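Engineer: Everything below, folded, please.
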Amino acid sequence: MNSYIMSVLLSSLSLGTMITLSSNHWFLAWIGLELNTLAIIPLMSKMHHPRATEAATKYFLTQSMASAILLFATMLNAWYTGEWTITNMQAATPVTMLTIALMIKLAVAPFHLWLPDVIQGLNLMTCLIVLTWQKLAPLALLIQISPETNSMLITSMGALSLLVGGWGGLNQPHVRKIMAFSSIAHLGWMIIVVSYLPSLTQLNLLIYLLMTSSLFLTMMALQTTTINKMASSWMKNFPLFSTTTIILMSLGGLPPMSGFLPKWMILEELVKQNMIPLAALAIALTLLTLFFYLRLAYITSLTTSPSPVNSKLMWRLKLSLNPIMPMLIITSIMLLPISPSIINMM
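Structural biologist: Predicted coordinates for the structure are as follows:
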């Protein structure tokens, strides 16, 4: 793709998210979401492959349906209240429709079926954009309307996302699909606490963005898309391969990595809200996601046989290391020691 066209698309993608994040009017927020969707469709289909075209078509249809529901719900709310302000949501029916539209955009269960198929047809960079940047605008709108939403509905969807995200990634051979189900599971953690303490949702989103970005950057550097390719990537760059295993453990939420911090604080908040059964269910369902992270780490690091080859570097591979990768890796695995400062800031 031409560099000028790429810059225009990336600028439009950023502008759409910024419009939604900074708007106080539902129509402006809808315009930002639409600009965001239209800018990423050419990025999805730039590979000129049938799978990429299929992924772009599925993404466009799903996001268009969610945008139509969101626009209809905001018009209905304006009919009830007489204004388009985001924070003024009083009627139950528009709030429920808005919640469903945002859940479709976020791929929260039971509206998650489009995400694994879309992710499987994209390259790694576009997968990174869909799983990180595209979550910002809908989640910001959900946080703004969270005081008026039905907390039982959102909590039920969050618990179902934890189940689907853990169960769906158990037997996947492709790392992209595993990361799609991982995104669904992490969104479940964000959703179950958004009605009680939205700042915890923001903290979980920040750490999820750091961990997912660092993992995808290492995967792009090592050129790995399947488990078999990941198992042989130790010959390309062993230090980078070792950090990939540690990032996987951080995504699973094992201490002392950064991924343990938001789960620990969310469980503490659920216990404070006297929702001990939900906290216990979240812990049990997290074991499913931890299993396929451990499976990835076991296959890639503990089943590699000694190589008799003198040169372990593949001569055909051109490693392109991103300069921001070290900072992302450090923050995605080493934030737990400063957790008291993070708690005081919240």
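
Engineer: wait, doesn't Met44 sit right on Arg51?
Structural biologist: No - here Met44 does not reach Arg51: they are 10.3 Å apart, not a contact under C-beta atoms under 8 Å. (C-beta placed from N, C-alpha, C; glycine too.)

Engineer: Of those two, give the one with the bigger neighbour count.
Structural biologist: Met44 (24 against 13; other C-beta atoms under 10 Å).

Engineer: can I have the helix or strand harbouring the more buried one written out in PDB, keeping just the CAs?
Structural biologist: Using DSSP states H and E, Met44 falls within helix 26-44. The C-alpha trace of helix 26-44 is given here as PDB (Å, rounded to 0.1, in the frame of the first residue of the first chain):
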ATOM      1  CA  TRP A  26     -24.000  11.100  21.000                       C
ATOM      2  CA  PHE A  27     -24.100  12.100  17.300                       C
ATOM      3  CA  LEU A  28     -20.400  13.200  17.400                       C
ATOM      4  CA  ALA A  29     -19.500   9.900  19.200                       C
ATOM      5  CA  TRP A  30     -21.400   8.000  16.500                       C
ATOM      6  CA  ILE A  31     -19.500   9.900  13.700                       C
ATOM      7  CA  GLY A  32     -16.200   9.000  15.400                       C
ATOM      8  CA  LEU A  33     -17.100   5.400  15.600                       C
ATOM      9  CA  GLU A  34     -18.100   5.400  11.900                       C
ATOM     10  CA  LEU A  35     -14.900   7.100  10.800                       C
ATOM     11  CA  ASN A  36     -12.900   4.600  12.800                       C
ATOM     12  CA  THR A  37     -14.700   1.700  11.200                       C
ATOM     13  CA  LEU A  38     -14.400   3.000   7.600                       C
ATOM     14  CA  ALA A  39     -10.600   3.800   8.100                       C
ATOM     15  CA  ILE A  40      -9.700   0.200   9.200                       C
ATOM     16  CA  ILE A  41     -11.600  -1.600   6.400                       C
ATOM     17  CA  PRO A  42      -8.900  -0.800   3.700                       C
ATOM     18  CA  LEU A  43      -6.200  -1.800   6.200                       C
ATOM     19  CA  MET A  44      -7.900  -5.200   6.600                       C
END
